[in-house]
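A.B. asks: based on what follows, work out the 3D shape:
(one chain, ligands or ions: 2)
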Amino acid sequence: MISRQNSGIHMRTPTSTSATAARKKPLRFAIAILAAGKGTRLKSNRPKVLHEIAGKPLLAHVVAAASKVVPPENIFAIIGHEAELVRKALAGAGINFVVQREQRGTGHAIMVAQDALHGFEHVLVLSGDVPLIRPETIERVRDFHVANGAAMTILTAEPDDPTGYGRVFRRIVRGTETDEVERIVEQKSLRGKEAGRREINSGIYGFATQPLFAHIKKLSASNSQHELYLTDMAALLGGAGKKVVGLRAPDSSEVLGVNTRIELADLDAKLRDKKTRELMLAGTTIFRPETCDIDADVEVGTDTVIEPFVQLIGATRIGADCRIRSYSVITNCQIGDGVLVRPGCILEDSVVRNGAQLGPYSHLRPGSDIGEGAHVGNFVETKKTRLGKGSKASHLTYLGDAEIGEDVNVGAGTITCNYDGVNKHQTMIEDGAFVGSDSVLVAPLRIGKGAYIGAASCITEDVPADALAIGRGRQVTKEGWAKERRAKIQKAAK
Ligand code: UD1
Ligand code: CA
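C.D. replies: Ligands and ions are numbered 1, 2, ... in the order given. Modelled structure (predicted):
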């Protein structure tokens, strides 16, 4: 069963001539990504390929690399366990999905994709659980495969610890190993001296589709797992006189697989280390980078300084010359240039414009937009609120569903009462208004331009421009009252 999910970005508009030409050209390379397995060793209810490293599902990393080698419409993810969840998580990538209903092994997964891959000359096979693979390496497999006229090309590696991986056995001619591979033996099937073999199968291959599908039906499940192993194609194709070659990856860390949560954490750390190095090389200062968690897709500008224990998550973009101080967690935010985020801020799905200052301990909830040069201070929470250019809310304040103009001063302890128990209401504060400390603004409410709210007011009605509004009980002062009371108490005690 094949389906295609197109995001707008990848939609091709079929114009008559170019589309016809494209259709006639033989399609050379497809990429199939094995992603149907349950991932038993993760001990999880969620499909393995949706477990995340560097803030992104394993499969999304593989799809990103594959998309740099072939167009997304030539990519086929083979999904099975919790297929709908996987499909949903990858919607928008523009790739195809093939459903393998029963997971009967990696060889079976490719059998299921036969119809989808029909019409391609070659298929490059990637694993959804080998996420660090780089596009350059996929291209090297492709080129080596084509240059050798091979039926099957296996990307191999020699990691420090080969335990758990299938081992690659090459043809030896006059005591020397050749490029040709005779067989791949799974860890569980290794016999005697074979266990000492260091060269592993990465699970990444190139196949010429014609010989692949001519022979794949011969795979047998007579192994300890009772599965159809794609790895057995090496011996099968070799036995049929076809060329099977192995290409060593220069860096084995790129082909490490994720089978357990320990490996998941290891690869997450590797990717995050790579990310901070890339950012530092590109001009961002990061102190104690090993303490910072920066997701794969985060962007940071030149001369921005990131202090220890900062987390930058999701689609966050930070401009140049910012300082992000310790213990701030920033998720899906757009931050301009020259912004100061003091320690302990939590920012989510918000925009912070040039020169603004936040914190310490500010909480921007989704939909906040902090204007140029604006200040949001300690223990200030905002939600769906625009704070205009140069405006300040410096202490102990809640601003929800509010439109606040330029150069507004929101005094300490101001609260917008945006919720009446049923509906949310808007508060508008126009340019240059001054809201005294400890004011309660009961929405819906509009405070006009340049208006002044006396401290500790409860404001329930609109305030016109340039007016003063005070909404509090009048002060009563009783001379000598306290002294008289003390005397009364002392007398009663005698
Ligand atoms: C596989 C290789 C092994 C190699 C290792 C590299 C086989 C038999 N073994 O072992 O030689 O060293 O990868 O990481 O191929 N999958 C399906 N459908 C299935 C079974 C698996 O789509 O029916 C997918 C899984 O979701 C996974 C990938 O194929 O993404 C590999 O499967 P896995 O069970 O992890 O194989 P390994 O034991 O790691
Ligand atoms: Ca695996």
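A.B. asks: CA only for contacts and neighbour counts going forward, please
C.D. replies: Fine.
A.B. asks: from residue 341, how far off is the nearest residue to residue 39 once chain neighbours are set aside?
C.D. replies: Closest residue in space to residue 39, ignoring its immediate chain neighbours: residue 48 at 4.9 Å, by C-alpha to C-alpha, 6 or more residues apart in numbering. Plainly put, residue 48 is 36 Å away from residue 341 if you go by C-alpha to C-alpha, to the nearest Å.
A.B. asks: wait, what's in contact with the residue nearest to residue 39?
C.D. replies: Residues near residue 48 by C-alpha atoms under 8 Å, 6 or more residues apart in numbering: 37, 38, 39, 42, 58, 129.
A.B. asks: which SSE is immediately downstream of the worst-scoring helix or strand of the chain on mean pLDDT?
C.D. replies: Across the helices and strands of the chain, mean confidence by mean pLDDT, DSSP states H and E is lowest for helix 16-24: a mean of 46. Per DSSP states H and E, the first helix or strand lying C-terminal to helix 16-24 is strand 27-35.
A.B. asks: next helix or strand past that following strand?
C.D. replies: strand 52-53.
A.B. asks: tell me what that next one is packed against?
C.D. replies: helix 261-281 (3 or more C-alpha pairs under 8 Å, 6 or more residues apart in numbering; DSSP states H and E).
A.B. asks: how about the helix it packs on and ligand 1, touching?
C.D. replies: No - Helix 261-281 stays clear of ligand 1 (C-alpha under 6 Å from any ligand atom), getting no nearer than 11.5 Å.
A.B. asks: mean confidence for that helix?
C.D. replies: What helix 261-281 shows for mean pLDDT is 97.
A.B. asks: can you check stretch 377-389 too?
C.D. replies: On average, stretch 377-389 scores 98.
A.B. asks: for stretch 307-316, same thing?
C.D. replies: 98.
A.B. asks: tell me what the closest residue to residue 462 other than its chain neighbours is bridged to.
C.D. replies: Spatial nearest neighbour of residue 462, chain neighbours left out: residue 446 (4.9 Å); criterion: C-alpha to C-alpha, 6+ apart. Counting by DSSP bridges, residue 446 is bridged to residue 428.
A.B. asks: how many neighbouring residues does residue 446 have?
C.D. replies: Neighbour count of residue 446, defined by other C-alpha atoms under 10 Å: 23.
A.B. asks: OK, contacts around residue 178?
C.D. replies: 170, 171, 172.
A.B. asks: who wins for most neighbours among those residues?
C.D. replies: So for the contacts of residue 178 (other C-alpha under 10 Å), the most neighbours sit at residue 170, 19 neighbours.
A.B. asks: around ligand 1, which positions in the protein sit nearby?
C.D. replies: 34-37, 78, 103-106, 109, 127-129, 165-166, 186, 200-203, 229-231, 257.
A.B. asks: take those and keep only those in helices.
C.D. replies: Applying DSSP state H to the residues of the chain next to ligand 1, the entries found in helices are 106, 109.
A.B. asks: list only buried entries from the residues of the chain next to ligand 1.
C.D. replies: By neighbour count, with 16 or more other C-alpha atoms under 10 Å, those hold 34-37, 78, 103-106, 109, 127-129, 165-166, 186, 200-203, 229-231, 257 as buried.
A.B. asks: quick one: the helices in the protein?
C.D. replies: Assigned by DSSP H, the chain shows helices spanning 16-24, 58-67, 83-89, 106-112, 114-117, 135-147, 209-215, 233-239, 261-281, 481-493.
A.B. asks: quick one: mean pLDDT for the fourth one?
C.D. replies: It refers to helix 106-112. 98.
A.B. asks: ok, the residue in the stretch 351-494 of the chain positioned nearest to ligand 1 - contacts?
C.D. replies: Closest to ligand 1 within the stretch 351-494 of the chain is residue 366: 34.8 Å, counting by C-alpha to the nearest ligand atom. Going by C-alpha under 8 Å, 6+ apart, residue 366 touches 347, 348, 349, 350, 383, 384.
A.B. asks: ok, how many other residues are close to the first one?
C.D. replies: Taking other C-alpha under 10 Å as the neighbour definition, residue 347 ends up with a count of 27.
A.B. asks: roughly how far does residue 376 sit from residue 320?
C.D. replies: From residue 376 to residue 320 the distance is 20 Å (C-alpha to C-alpha).
A.B. asks: and if you look at residue 230?
C.D. replies: Relative to residue 320, residue 230 is positioned 49 Å away (C-alpha to C-alpha).
A.B. asks: same check on residue 49?
C.D. replies: 35 Å.
A.B. asks: neighbour count winner among those two?
C.D. replies: Taking other C-alpha under 10 Å, residue 49 and residue 320 do not tie; residue 49 has more neighbours (27 against 19).
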